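**Student:** Just a sequence and a predicted model for now, questions to come.
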Amino acid sequence: MHSLSSIITTASLLAAGCAQSPPGFQPATANHLTVTYGGIEVQPAGITLQASQAVNAPSLALAGSNAGPFVAIMLDLSVQTPQSAPGNTTLLHWILTGLNRSSGSALASSQKAITPYIGPGPPAGQTHTYALFLYNESVNFAVPANYVPFFNNLTASVYNRIGFDISNFTTETNLGEPIASDYFLVGTPAGTPTASSGAAATPSVVTGSAVSVIKIQTMVAAIGVLSVLGSFL
């Protein structure tokens, strides 16, 4: 007869093995996608990082023999908008196609990102969940025609990245279910000062979270709705 402690230990290990996808995300995967920002590996899944540690796109790696190609998608799953109440919606941070094994388990792509990377930057007093999913790239992968306007407008405003439906996108592109995943948390302490200005600035997406956050918060502060719009990163 198994002891209570051994049962608890086994249950904990099983839970840890199934926790590579964020809680509640379906379809889930127990396969770990190795995500590394500089010298910081997101391991175990669900650890907390500082926004300053994730300014630039991470390096990715995958154990096993599958050579690729793969597609990586990164989302903020915790964006709050009036339209998303009482739940949350998403913000698309990154899509990179053409990932193949470069050496060992490391993945690399020579292709231009479909969605340029932007780093995390949750508003003061909030903690957001950032998830990365890896998919087998489908044969003759291409962005569906109905998504072309969406992707063409991504660099015009960060707000254009809100509400990305990953389920519909992966269905229409035949990516199927994720084969590996990882996620992390980023929080901003309550009362953290935000940039302000008397003139509204047009929000723009640039590589590097700090700059994009400042530009967005400047515009939001100018129109007096930071509490609503500040959650878009």
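**Tutor:** That came through, no problem.

**Student:** what's the weakest-modelled helix or strand in the protein?
**Tutor:** Within the chain, confidence by mean pLDDT, DSSP states H and E is lowest for helix 209-223 among all helices and strands, at a mean of 34.

**Student:** Assign the closest residue to Pro189 other than its chain neighbours to helix, strand or coil.
**Tutor:** Closest residue in space to Pro189, ignoring its immediate chain neighbours: Ala124 at 6.8 Å, by CB to CB, 6 or more residues apart in numbering. C-beta coordinates here come from the backbone N, C-alpha and C atoms, glycine included. Secondary structure, DSSP: H, G, I helix; E, B strand; the rest coil: Ala124 is coil.

**Student:** Ala124 touches Gly187, doesn't it?
**Tutor:** No: Ala124 lies out of contact with Gly187 (CB atoms under 8 Å); the separation is 9.6 Å.

**Student:** now the strands for the chain?
**Tutor:** Taking DSSP state E, the strands of the chain run over residues 34-37, 40-41, 47-49, 59-61, 70-79, 89-103, 106-108, 126-136, 180-188.

**Student:** CSV please, covering the ones you listed and showing mean neighbour count, mean pLDDT and distance to Tyr147.
**Tutor:** Formatted as CSV, the strands of the chain follow (neighbours: other CB atoms under 10 Å; pLDDT from 0 to 100; distance: least, CB to CB, whole Å):
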stretch, mean neighbour count, mean pLDDT, distance to Tyr147
strand 34-37, 20, 98, 25
strand 40-41, 15, 96, 32
strand 47-49, 14, 97, 29
strand 59-61, 19, 98, 23
strand 70-79, 23, 96, 13
strand 89-103, 19, 95, 10
strand 106-108, 18, 97, 24
strand 126-136, 22, 97, 15
strand 180-188, 23, 95, 22
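
**Student:** out of these, which comes closest to Ala156?
**Tutor:** strand 89-103 (13.7 Å; CB to CB).

**Student:** Which pLDDT value belongs to His2?
**Tutor:** Predicted confidence (pLDDT) for His2: 47.

**Student:** quick revisit: make TSV from the strands of the chain and add distance to Phe150 to it.
**Tutor:** TSV is the format used below for those (distance: least, CB to CB, whole Å):
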stretch	distance to Phe150
strand 34-37	25
strand 40-41	31
strand 47-49	28
strand 59-61	24
strand 70-79	14
strand 89-103	9
strand 106-108	25
strand 126-136	18
strand 180-188	23
